[in-house]
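Q: Could you work out the structure for the sequence below:
(one chain, ligands or ions: 2)
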Amino acid sequence: MLLASVAVPVPLGQAFTYRVLPEHANQCRRGLRVVCELGRRKVIGVVLQVADREPEVPVEKLKPLGRLVESEPALPEELLDFLIELSRYYLAPIGEVLRLALPAVERTEGHQESLLGTKARLVGKVLKQVTRVEPCPSGVKTPKGQAVEILASLALGPALMRDLEQQFKNARAVVTRLQAQGFVSITSTTELKNAFFDRPATPDTPPALTTAQREAVDALTSALESSTRSAFLLHGVTASGKTEVYLHAVKRCVELGRGAIVLVPEIALTPQLVGRFRARLGDAIAVVHSALGDAERHQMWKSLRLGQVRVAVGARSALFAPVDNLGLICVDEEHDSSFKQEEGVRYQARDMALWRAHRVGGVCVLGSATPSLTSEALVDRGILTKLVLPTRARQAAVLPTIEIVDLRRNKEGPTGDRLLTLPLVRALEQVVEAREQAILFLNRRGFSPALLCGSCGEIARCPDCSISLTVHRTRRPRVVCHTCDYHAPVPTRCPSCKSGELEEEGAGTERIEAALIQLFPTAKVGRLDRDVAAGAKSEAILERMRRREIDLLVGTQMVTKGHDLPDVTLVGVLDADAALSMPDYRAAERAFQLLVQVAGRAGRGDKPGRVVVQTRQPESPIIRCALRHDVQAFLEHETAQRRELEYPPYSRLALVRFEGLDENLVASEATRIARLTKLGLGGSVQLSGPAPAPIARIRSRFRYRFLLKSAERQRLRETLLKIQRTEVDRRVRVIIDVDPMNML
Ligand SMILES: [Zn+2]
Ligand SMILES: [Zn+2]
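A: Residues are numbered from 1 along each chain as shown. Ligands and ions are numbered 1, 2, ... in the order given. Presented below is the predicted three-dimensional model:
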């Protein structure tokens, strides 16, 4: 009997078996989407396997497979196999894993249309009419006045009518006349509304490569040309031109007839970055971004699947792009924690990129100014080949000087804010005087991170989480929980002793912004954090910075990532200790990466840069290494520590979390499972815990966890499979996180 095993996009571990009807027997194959019954619902599933075999259950219990949605598989064989492997590795439900690879439109029942069929049913609002103006080679008459200016602006390539109307008075009338005279052609097309493709791309001329860039490009292209399965770590200092290396490799890969994926951290995926790829590769790229609507995502997915477009650029989830004949995956800023998904399927896109590229016999490049210890260990084991870009790409640009300000000895400056020390204020004064720009980094948004009772010492806490509330002042004053977004008016009396002596302790970005405005009345002060810039808005703030509409920018982690702002000559790290004190074995690594990355924002143009790092631990080896830009020394120091403590990359970890509303039940289930697990532990697996998580309660749910550690991946996996099969009280949710990054 012909049976199909089908994964449906629901969080269930197993695939379901269906009977294949005789009329479908010839067409039914792997990767096809099919309509199938799940309970009483009809859902769209994906065929994982078709086999002629004896069913394990009586035939009458097997449901027949419904309609086949298409004749060509939605998921190519290679991608389907990769997803199955990924689901096994992370012990994640196969249905959930498939969701990662299929855009929402493709997963819904009622989506009547086949992949290779007619035009997509796109939602009306994302389509819009745009009018393009293109220059024509010759005209009969000589244009005059404004027409000349408009033609000059078109010399570089086509433009959108609305952009011309913004730049030139009466543009539409002038352009219409130019069309009549044969200078330009005006076309009206329907395009997807998409920030990444809003403007036509102007082809650029590749800059001359430095010797190191040339060597890196040669290594990559020769691997691509000889179809050698290989993986590289591209270690380039900040502003060394890593993107240029990816661009060359991707271009060569496409010329060779293969496809490529470029993964960048979510926050770095900006229209500016996409613009660079379009300038070099033309519009034959797809952008995969969480901010895209369903219809746009579907469009991108479809053009990749049909092979109309061969390059996918995107954040984490672009790993699953259905790129045809995949040959290359680049992971930029490979150390970035946003490559780890922290909900649903908890996968690490960097690790999986290496794997997918390996499976297709392709090339994988991981790039960073501050390589992760994981990647460094892979270099030591000969799995990654290291390519180094030791200098900044522009001749004039040298690495900035870094100065330490000891927060224990330096008192606050004129505003009375402890984090605006006198040396820092002096440095800012010089920047303002020289009309240059500065970035101040503080990884705490809001006005003040704690509201403390001066009488009894209580700190105001979120009613639903074990987290202190942050005071926000902008717009209306309120206290906010940064974990669950609970908010309330700022209390005037202490909830426990009713005293009115409430003090706002410490400073967040809002407070620093306010202090800077007061301190430098002539300077333009801006702020960049999640409160002012959700999603695409951050790009608008950075654009204002580029146009010099902001002189001093204060912000959270958002200011540290990959931005190229040539006039920034000063970077201030207000509180370097915050990152160092995280309860996490990776705290040192993360703090170091943060310091080097934020310092890398300074002095990218012609003027030398300067970095001021404020800390209470100036003798910390992490800060000392950052001070000398000595990535290698840091890696050696940290590697020794990890080896000693047997932490990754010298062992494998898995975190088993328990969550529920009833604290006693959560604790007792965690204890019971931990005890059972310990009984069956093989020699090489260690269990620590159970214990309450560092954040013991989030959204009213209590959180316990234990940690498993082993040098042997297989042993760890067997242990986890046993845990997964153990019955747990239904009121407690068990989450298994393989290779965890977030230990909170
Ligand atoms: Zn009190
Ligand atoms: Zn909360």
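
Q: Grab the longest helix from the protein for me.
A: Ranked by residue count and defined by DSSP state H, the top helix of the chain is helix 663-679.

Q: Which strand residues bridge whichever residue of the stretch 601-744 of the chain sits closest to ligand 1?
A: Of all residues in the stretch 601-744 of the chain, R697 sits closest to ligand 1, at 21.5 Å by Cβ to the ion. To be clear about C-beta, it is placed using only N, CA and C from the backbone, and glycine gets the same treatment. Note on R697: beta-bridge partners by DSSP bridges are F702.

Q: Distance check, the closest residue to G275 other than its chain neighbours against A152.
A: Nearest residue to G275 in three dimensions, chain neighbours excluded: A201, at 6.3 Å (Cβ to Cβ, 6 or more residues apart in numbering). Per Cβ to Cβ, to the nearest Å, A201 is found 19 Å from A152.

Q: circling back to that earlier point, which strands or helices does the longest helix of the chain pack on?
A: Counting contacts by 3 or more Cβ pairs under 8 Å, 6 or more residues apart in numbering; DSSP states H and E, helix 663-679 is packed against strand 652-660, strand 685-698, strand 701-710, helix 713-725.

Q: Next, the buried residues of stretch 568-581.
A: 568-576, 578-580 (16 or more other Cβ atoms under 10 Å).

Q: which strands and helices sit next to the helix or strand containing L3?
A: Here L3, judged by DSSP states H and E, is contained in strand 2-7. Contacts defined by 3+ Cβ pairs under 8 Å, 6+ apart place strand 2-7 against strand 16-19, strand 33-38, strand 41-52, helix 94-101.

Q: Sheet partners, orientation included, of it?
A: Strand 2-7 is paired, per DSSP bridges, with strand 16-19 (antiparallel), strand 41-52 (antiparallel).

Q: which residues are contacting the longest one?
A: It stands for strand 41-52. 1-10, 15-16, 20, 28-38, 66, 69, 74-75, 80, 84, 94, 98, 102, 106-109, 111 (Cβ atoms under 8 Å, 6 or more residues apart in numbering).

Q: what's the spacing between the strand holding L3 and its chain's center?
A: Taking Cα atoms, centre = their mean, to the nearest Å, one finds strand 2-7 lying 35 Å from the centre of the chain it belongs to.

Q: With stretch 620-631 instead?
A: That offset, for stretch 620-631, works out to 26 Å (Cα atoms, centre = their mean).

Q: Low-confidence ranges, the stretch 301-450 of the chain, go.
A: 395-397 (pLDDT under 70).

Q: Lowest average confidence across helices and strands of this protein, where is it?
A: Sorting the helices and strands of the chain by mean pLDDT, DSSP states H and E puts helix 104-107 at the bottom, at a mean of 61.

Q: mind listing what Q308 touches?
A: Q308 neighbours (Cβ under 8 Å, 6+ apart): A284.

Q: tell me the secondary structure for A353?
A: Using DSSP: H, G, I helix; E, B strand; the rest coil, the structure places A353 in helix.

Q: Tell me the buried residues within the contacts of strand 41-52.
A: In terms of neighbour count (16+ other Cβ under 10 Å), the buried residues within the contacts of strand 41-52 are 2-9, 15-16, 20, 28-37, 66, 69, 74-75, 80, 84, 94, 98, 102, 106-107, 111.

Q: Would you state the strands of the stretch 401-550 of the chain in chain order?
A: 401-406, 437-441, 450-453, 470-472, 478-480, 487-488, 502-505, 525-528 (DSSP state E, counting those that start in this stretch).

Q: Of all those strands, which one is nearest ligand 1?
A: strand 450-453 (3.1 Å).

Q: Using a markdown table, lay out the helices and strands packed on strand 2-7 together with distance to ligand 2.
A: As requested, those are arranged in a markdown table below (distance: least, Cβ to the ion, whole Å):
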| stretch | distance to ligand 2 |
| --- | --- |
| strand 16-19 | 38 |
| strand 33-38 | 35 |
| strand 41-52 | 34 |
| helix 94-101 | 26 |
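
Q: Around ligand 1, pick out the residues from this structure.
A: 453, 455-456, 458, 494, 497, 499 (Cβ under 5 Å from the ion).

Q: Would you mind reformatting these (as a markdown table) and adding columns for pLDDT and distance to L440 while you're at it?
A: What follows is those, written out as a markdown table (pLDDT from 0 to 100; distance: Cβ to Cβ, whole Å):
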| residue | pLDDT | distance to L440 |
| --- | --- | --- |
| C453 | 93 | 30 |
| S455 | 91 | 33 |
| C456 | 92 | 34 |
| E458 | 91 | 31 |
| C494 | 90 | 32 |
| C497 | 92 | 36 |
| S499 | 90 | 34 |
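
Q: related to what we said a few turns ago, the residue nearest to G275 contacts G282, doesn't it?
A: Yes: counting by Cβ atoms under 8 Å, A201 touches G282, with 7.1 Å between them.

Q: and the two? which has more neighbours close in?
A: Neighbour count, other Cβ atoms under 10 Å: between A201 and G282, A201 has more, with 19 against 12.

Q: Export only the CA atoms of stretch 737-744, formatted as PDB.
A: Presented in PDB, the C-alpha positions along stretch 737-744 are these (Å, rounded to 0.1, in the frame of the first residue of the first chain):
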ATOM      1  CA  ASP A 737      17.300  24.400  24.500                       C
ATOM      2  CA  VAL A 738      20.200  22.700  22.700                       C
ATOM      3  CA  ASP A 739      23.400  24.800  22.600                       C
ATOM      4  CA  PRO A 740      21.700  27.500  24.700                       C
ATOM      5  CA  MET A 741      22.900  31.100  24.400                       C
ATOM      6  CA  ASN A 742      20.500  32.900  26.800                       C
ATOM      7  CA  MET A 743      21.000  31.500  30.300                       C
ATOM      8  CA  LEU A 744      18.500  33.900  31.900                       C
END
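
Q: what's that stretch in contact with?
A: Looking at what lies outside stretch 737-744 - Cβ under 8 Å, 6+ apart - the contacts are 89-91, 337, 340, 342, 346, 348, 351, 583-586, 648, 652-657, 693-695, 720.
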